[in-house]
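K.L.:
Give the three-dimensional model of this entry:
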Amino acid sequence: MTKRAFSAFKPTGHLTLGNLLGAIMPAVRLQDEADCVYAVADLHALTVRHDPDRLRARTLEAATLLLACGLDRSLVYIQSRVPAHTELAYLLESTAYFGEMRRMIQFKEKSAGQEEVRLSLLTYPALMAADILLHRVDLVPVGEDQRQHVELTRDLALRFNRLYGQTFTVPEAVHPRLAARVMDLTMPTAKMGKSDGSVAGTIYLLDPPADVRHKIMRAVTDSGTEVRHDPRDKPGVSNLLTLLAACSGRPIDSFAHQTYGALKRETADAVVETLRPVQERYAELSADPAELARTLAAGAAGAVERTADLMVAARRAIGVL
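P.N.:
Model prediction:
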């Protein structure tokens, strides 16, 4: 029986090369072995202060990029277009405990030292759980930083099933195979991030080739001249080797560069070539906004249809139907 997988991308910034190599490319490969569902989680961007127009633009950009990267064999949609996400989130909030929400690492980190903290920052793990449980998924591809959220999702599903009857599939967190961990080019000990990384050290999926080359040629390297993969002692060089291996499809130990300059030039070529088809397809999709809107509307309609039975079961189980 084919398993179902779900993942979501939050449009808090422009998607990066780190997102592509660490999450999107593994998601593309996962389509060969699972029934996949991918959402742009725009509702999750409301947990902190935001600009509405920028959120709309970045949501559309992210959805278009997911399709351009090759997730067009999956169900792709924008989260806020499917009302069941918020309805199920409230049912799960009514199953969750304040203490377990308050202990979530991201809430503690993002609320620390803040005088005004949005309530949604505390409760959004219930929305994240709803995103997953809504589709009766078996697998949730995540990095270590999201494992706690999947564990909460499992706890809520088990608790709901125990209190109100068997309703939800209890999902399993999985690490995507061959997922590259990409670091900031200017701070190679920090992860390349779309919302908290440095602009100079972050390669965005829509960066022009000249910008990509400029950023890589100015990437921080390490003392000495030896080119070897050693994340502890040579994090800068190791990051470039990781990028080169992920973009070329070759193992890290197959490269033998004599200088940092040669490594940077080959890495820049590989990254530009990796981004080229994504950018070309993005341009094609963006050139026909009406067709793109129909594609995303069809994705949302598909999500509404395939989750309707689950919502009926959840309402009936908890007593509101």
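
K.L.:
Tell me which stretches of the stretch 201-321 of the chain form helices.
P.N.:
Ranges of helices in the stretch 201-321 of the chain, per DSSP state H, counting those that start in this stretch, are 209-217, 235-248, 260-286, 289-318.

K.L.:
Return the distance of the last one from the chain's centre.
P.N.:
It refers to helix 289-318. Here helix 289-318 shows a centroid-to-chain-centroid distance of 20 Å under the convention C-alpha atoms, centre = their mean, to the nearest Å.

K.L.:
what comes up buried for it?
P.N.:
Using 16 or more other C-beta atoms under 10 Å as the test for burial, helix 289-318 gives 292, 295-296, 299-300, 303, 306-307, 310-311, 313-314, 317-318. No exception for glycine: its C-beta is placed from N, CA and C like everyone else's.

K.L.:
quick check, nearest of those residues to Ala96?
P.N.:
Nearest to Ala96 out of those is Ile318 (C-beta to C-beta; 12.9 Å).

K.L.:
Tell me which of the helices of the stretch 201-321 of the chain lies nearest to Ala8.
P.N.:
Comparing the helices of the stretch 201-321 of the chain by C-beta to C-beta, helix 289-318 comes nearest, at 11.8 Å.

K.L.:
From the contact counts, what lies against that closest one?
P.N.:
With contacts taken as 3 or more C-beta pairs under 8 Å, 6 or more residues apart in numbering; DSSP states H and E, helix 289-318 sits against helix 52-68, strand 75-78, helix 84-93, helix 147-164, helix 260-286.

K.L.:
any idea which of the ones you listed is most buried?
P.N.:
Mean neighbour count, computed with mean count of other C-beta atoms under 10 Å, is highest for strand 75-78 among the helices and strands packed on helix 289-318, reaching a mean of 22.

K.L.:
Give the pairing partners of that strand; include direction for each.
P.N.:
If you go by DSSP bridges, strand 75-78 pairs up with strand 34-40 (parallel).

K.L.:
Go through stretch 8-28 and flag the buried ones.
P.N.:
Under the neighbour-count criterion of 16+ other C-beta under 10 Å, stretch 8-28 has 8-28 buried.

K.L.:
Dump the helices and strands packed on helix 289-318 into TSV; add distance to Ala126 as well.
P.N.:
TSV is the format used below for these (distance: least, C-beta to C-beta, whole Å):
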stretch	distance to Ala126
helix 52-68	21
strand 75-78	20
helix 84-93	4
helix 147-164	7
helix 260-286	33
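
K.L.:
quick one, domains of this protein?
P.N.:
Annotated domains of the chain cover 3-179+289-318, 209-284 [automatic domain parsing].

K.L.:
pLDDT weak spots in the stretch 51-200 of the chain?
P.N.:
Applying pLDDT under 70 to the stretch 51-200 of the chain flags residues 144, 176-179, 194-197.

K.L.:
Determine which of the domains of the chain approaches Thr186 most closely.
P.N.:
Evaluated over the domains of the chain, closeness to Thr186 peaks at domain 209-284, with 5.5 Å, by C-beta to C-beta.

K.L.:
I'd like the mean pLDDT over the closest one, please.
P.N.:
Averaged across domain 209-284, pLDDT comes to 91.

K.L.:
Could you check how far that domain is from the centre of its chain?
P.N.:
Taking mean C-alpha positions (C-alpha atoms, centre = their mean), domain 209-284 and its chain are 22 Å apart.

K.L.:
ends of it, how far apart?
P.N.:
Length of domain 209-284, first residue to last, C-alpha to C-alpha, to the nearest Å: 18 Å.

K.L.:
go on, stretch 222-241?
P.N.:
13 Å.

K.L.:
Give the buried residues for it.
P.N.:
Across stretch 222-241, burial judged by 16+ other C-beta under 10 Å covers Asp222, Val227, Pro231, Lys234, Pro235, Gly236, Val237, Ser238, Asn239, Leu240, Leu241.

K.L.:
Can you give the contact residues for it?
P.N.:
Applying C-beta atoms under 8 Å, 6 or more residues apart in numbering, the contact partners of stretch 222-241 are 182-183, 185, 188-189, 216, 219-221, 242, 252-253, 255-260, 263-264, 267.

K.L.:
and if we set it to 10 Å?
P.N.:
180-190, 192, 201, 216, 219-221, 242, 245, 252-253, 255-260, 262-264, 266-268, 271 (C-beta atoms under 10 Å, 6 or more residues apart in numbering).
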